[in-house]
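[1] sequence first, predicted model second:
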2 protein chains.
Amino acid sequence: MRIIKLTEASKYNILENLLKRSPNSYDQFESVVADILYDIKKNGDEAIFRYTKKFDGADINAQNIVVTQEEIEEAYNLVDSSLIEVIRKAIINIREFHIKQKQYSWFDSKPDGTILGQKITALSRVGVYVPGGKAAYPSSVLMNIIPAKVAGVETIIMTTPPGVDGKVNPGTLVAANEAGVDIIYKVGGAQAIGALAYGTESIPKVDKIVGPGNIYVALAKKAVFGYVSIDSVAGPSEILIIADEAANPRFIAADLLSQAEHDEMASAILITTSEELANKVSAQVDLFVKELSRTEIIQKSLDNYGYILIAQSMEEAIQVANEIASEHLEIVTKDPFNIMTKIKNAGAIFLGEYSSEPLGDYFAGPNHVLPTNGTAKFFSALSVDDFIKKSSIISYSREALEPIHKDIELFAEAEQLTAHANSIKVRFEK
Amino acid sequence: MRIIKLTEASKYNILENLLKRSPNSYDQFESVVADILYDIKKNGDEAIFRYTKKFDGADINAQNIVVTQEEIEEAYNLVDSSLIEVIRKAIINIREFHIKQKQYSWFDSKPDGTILGQKITALSRVGVYVPGGKAAYPSSVLMNIIPAKVAGVETIIMTTPPGVDGKVNPGTLVAANEAGVDIIYKVGGAQAIGALAYGTESIPKVDKIVGPGNIYVALAKKAVFGYVSIDSVAGPSEILIIADEAANPRFIAADLLSQAEHDEMASAILITTSEELANKVSAQVDLFVKELSRTEIIQKSLDNYGYILIAQSMEEAIQVANEIASEHLEIVTKDPFNIMTKIKNAGAIFLGEYSSEPLGDYFAGPNHVLPTNGTAKFFSALSVDDFIKKSSIISYSREALEPIHKDIELFAEAEQLTAHANSIKVRFEK
């Protein structure tokens, strides 16, 4: 794995290279997606069934579009029972963490009769998209459904593409059922997003759509945004590790590779103050690559977006980490908590040598749906907050409004909104 | 004002009509905006100055693009001193309410060495867009800057278009200065959004752009979303009032008109169980329209999107209010708090006959930037939450990881992510 000394020039080049992973021009896909969405909006179920035949090769109709109780039971027989046990353990941790994120309605009152507050209400209906085929990860199903459940969403709808045989991935079904999904529809792609956004005869319109998907799904979500809410569009995965000379090079190398295996666009970066560690990690990465599967993906990802960077000081390492704003940040140093206080931008922060990133992907409890590609500067992990909305509460008495009514009238008139001023005035006319 | 009895059919037609206010096809504007954004990205300041000359007729350059201390002082001389006093009073209330929204970092620990938490960090740099001309509302300046300030944003940048004379609206300057803006640039339109998103020689790139604007500004914000964060794109304003026979028809009529005067696309709706109130409000609206300014806007807004609806029961009124999901909802009944508990969807809820909507626009404290056009089903008012992000914190000891490490390996292997499994395994190899 390549080792580069951090300089202003190398830093600039690396940041530019990482940004390249966010492709800007999807014109040819966009028009395809727009056509599908229009078709779903206009033709509902009929279009859904037609696209499912065309793209998934499956015969789906109004009778078999919903996954049945029997199909869920069948899935339990197909999934390894030890995996089901692990899924249940993970759910306990994920639920426990997300419960701590819950926000509550509040109000504040004054003796003059003023009440101000904020009312929290869960979204009524949420759609969770789950990809099919190789991208069907049960852990992602948990991470998308559980926060909605904890928020108190009334109806959690899942859509996922069927195979040619009209069946859905059993791991997906088990994870969804364990997490508490309400209903599962056999439909995928942009057509599923259209159905969730506009509603069809079989599938009801939702308030928000979450979950990962391919480029068609991502563009469809972007297109319906505003009409419904969506989670942020996920980009390629990243890990950034800050380490000093105390770090175990074998652990660091293994953690870098755990992101590099995701896809060719994934990025794995080590920033260290120790040239010795840099060399050892680089050598260890080469050894691991030979042992692991997915070698081709790993090699391309490392060649394109993998770096071992040598920083002059820990301050410089922290500064670059904040500029990269990584999805996952591991801090493997003598005093990780001290460094954590200086981190401004990271989706999830893993502290110390036993907090390896896959612990967070599967088990610890925090959400693994995280902001990618530098967006940790302004976006957060998927959370209970994504499934609630807030209404302001304003209640004034006559006693409270009277002493300030002329102030409001003056402000409204200064903005030339006389009907605004009038609505206050009429309350104090003789 | 027209009075309609609520039936399934009339409800359906009204909901369809309201949705029409969200225009879907902006193709011709979109390409103009895309060209401007590309130009700004490529040519920076030079393009900014060129567009400002073209669209605003003002000669702006690197020397005069920043509003000076002298210009701010001049603005104070131009603004009525009683308005400045009212702005200061409003700021106290707005700040007090938003401080209550602050969220804090938290962590939870277990005796085995596990620490899980959520770290709150304010965004570093935020751009606030403020329209020029007649749409320059000092109250909006306050509502956009104060939550960012309370969140702890380091640098709050404002952009607003200059007049032909190169000057900025004095009310805007005073409000921004009082609210605590850090720097103000004289640039407006899509070019301002481009500058904030990409950065130019004079204007630094920000993490998030907020604030209302015309169609060019709205489309530019949508186009740069993902590259930076944005607030939700504002649609036309709305008020919905639920009232029973106890309500004062003169107050209700005045409040309906306070929204109708905003623009021709604004909507003002009363839902009442009292036919007598419906008739009185309708007559009162007609009387007020003759007295008020902005008559033409009010009349068009009422003709297109104004309704007085008669409901069979309070339950029906509440159900329709939840379907409309209004930006502003007034509850003017004998027991408004009881009805409030049944409201799922509304941007801000005003309770009782002295809580008129303009009180919230200017003075009470809650934010007046609210979700419009039915999006209160899933969006919330602008708040301190819009200016922070959250990083998950995960710290496990060897003691905490050891008993579960095989579970994580099993989960990762079930998803065929062997490098994920390996990163856990290496920590327990002999």
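    Everything's here; your move.
[2] how about the helices in the stretch 251-400 of chain A?
    A:275-291, A:295-305, A:314-324, A:336-340, A:357-362, A:398-401 (DSSP state H, counting those that start in this stretch).
[3] spell out which residues of the stretch 51-200 of chain A are next to chain B.
    Contact residues (Cβ under 8 Å from any Cβ of the partner chain) of the stretch 51-200 of chain A with chain B: A:80, A:82-83, A:86-87, A:89-90, A:97, A:100-101, A:103, A:106, A:108, A:114-116, A:118-119, A:121, A:123-124, A:134, A:137-139, A:171. All C-beta atoms are positioned from the backbone trio N, CA, C, and that covers glycine.
[4] can we see that at 7 Å?
    Contacts of the stretch 51-200 of chain A with chain B, taken as Cβ under 7 Å from any Cβ of the partner chain, map to A:80, A:82-83, A:86, A:89-90, A:97, A:100-101, A:108, A:116, A:118, A:121, A:123-124, A:137, A:139.
[5] got the contact list for stretch A:158-174?
    For stretch A:158-174, the external contacting residues (Cβ atoms under 7 Å, 6 or more residues apart in numbering or on different chains) are A:52, A:56-60, A:64, A:67, A:71-72, A:75-76, A:78-79, A:84, A:87, A:127-130, A:132, A:136, A:138, A:141, A:176, A:181, A:184-189, A:192, A:196.
[6] show me which of these are buried.
    A:52, A:56, A:58, A:60, A:67, A:71-72, A:75, A:79, A:84, A:87, A:127-130, A:132, A:136, A:138, A:141, A:176, A:181, A:184-189, A:192, A:196 (16 or more other Cβ atoms under 10 Å in any protein chain shown).
[7] with distance to chain B, mean pLDDT and mean neighbour count added, can I get the helices of the stretch 251-400 of chain A in JSON lines?
    Output for those, formatted as JSON lines (distance: least, Cβ to the nearest Cβ, whole Å; pLDDT from 0 to 100; neighbours: other Cβ atoms under 10 Å in any protein chain shown):
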{"stretch": "helix A:275-291", "distance to chain B": "7", "mean pLDDT": "95", "mean neighbour count": "17"}
{"stretch": "helix A:295-305", "distance to chain B": "7", "mean pLDDT": "91", "mean neighbour count": "18"}
{"stretch": "helix A:314-324", "distance to chain B": "9", "mean pLDDT": "96", "mean neighbour count": "20"}
{"stretch": "helix A:336-340", "distance to chain B": "7", "mean pLDDT": "97", "mean neighbour count": "18"}
{"stretch": "helix A:357-362", "distance to chain B": "4", "mean pLDDT": "95", "mean neighbour count": "27"}
{"stretch": "helix A:398-401", "distance to chain B": "5", "mean pLDDT": "96", "mean neighbour count": "18"}
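[8] as a markdown table, those with distance to A:Thr418 would be great.
    As requested, these are exported to a markdown table (distance: least, Cβ to Cβ, whole Å):
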| stretch | distance to A:Thr418 |
| --- | --- |
| helix A:275-291 | 69 |
| helix A:295-305 | 59 |
| helix A:314-324 | 49 |
| helix A:336-340 | 54 |
| helix A:357-362 | 57 |
| helix A:398-401 | 19 |
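[9] for the lowest-mean-pLDDT helix or strand in chain A, name the packing helices and strands.
    Taking mean pLDDT, DSSP states H and E as the measure, helix A:8-19 is the helix or strand of chain A with the lowest mean score, a mean of 85. Judged by 3 or more Cβ pairs under 7 Å, 6 or more residues apart in numbering or on different chains; DSSP states H and E, helix A:8-19 is in contact with helix A:314-324.
[10] can you name the next helix or strand after the least confident helix or strand of chain A?
    helix A:27-43 (DSSP states H and E).
[11] buried residues in that following helix?
    Under 16+ other Cβ under 10 Å, the buried positions of helix A:27-43 are A:29-30, A:33, A:36-37, A:39-41.
[12] now do that helix, average pLDDT.
    Regarding helix A:27-43, the rounded mean pLDDT is 91.
[13] per-residue confidence for the residue nearest the centre of chain A?
    For chain A, the residue nearest the mean C-alpha position is A:Val369 (3.4 Å; Cα atoms, centre = their mean). Note on A:Val369: pLDDT of 94.
[14] now it, nearest residue through space, not along the chain?
    In this structure, A:Val369 finds its nearest non-sequential neighbour in A:Leu382, 3.7 Å apart by Cβ to Cβ, 6 or more residues apart in numbering or on different chains.
[15] which residues of the stretch 1-150 of chain A score low on pLDDT?
    A:22-27 (pLDDT under 70).
[16] of the residues of the stretch 51-200 of chain A next to chain B, grab the buried ones for PyMOL.
    If you want just the buried ones from these in PyMOL, going by 16+ other Cβ under 10 Å, the selection is:
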select buried, chain A and resi 83+86+90+97+100+101+116+118+121+123+124+137+139
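[17] check the gap between A:Ile157 and A:Leu196 for me.
    7 Å (Cβ to Cβ, to the nearest Å).
[18] the helices in the stretch 1-150 of chain A, which residues?
    Using DSSP H, counting those that start in this stretch, the helices of the stretch 1-150 of chain A run over residues A:8-19, A:27-43, A:45-51, A:69-78, A:81-99, A:138-151.
[19] figure out which of these is closest to B:Ala321.
    helix A:138-151 (22.0 Å; Cβ to Cβ).
[20] for B:Glu316, find the nearest of the helices of the stretch 1-150 of chain A.
    helix A:138-151 (27.7 Å).
[21] output that closest one as CSV, restricted to C-alpha atoms.
    The C-alpha trace of helix A:138-151 is given here as CSV (Å, rounded to 0.1, in the frame of the first residue of the first chain):
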residue,chain,number,x,y,z
PRO,A,138,-29.5,-8.3,7.0
SER,A,139,-27.5,-5.9,9.1
SER,A,140,-28.7,-3.0,7.0
VAL,A,141,-32.3,-4.2,7.3
LEU,A,142,-31.9,-3.9,11.1
MET,A,143,-30.2,-0.5,11.0
ASN,A,144,-33.0,1.0,8.9
ILE,A,145,-36.0,-0.5,10.6
ILE,A,146,-35.1,-0.2,14.3
PRO,A,147,-34.8,3.6,14.5
ALA,A,148,-38.2,3.9,12.9
LYS,A,149,-39.7,1.4,15.3
VAL,A,150,-38.1,3.2,18.3
ALA,A,151,-39.4,6.6,17.1
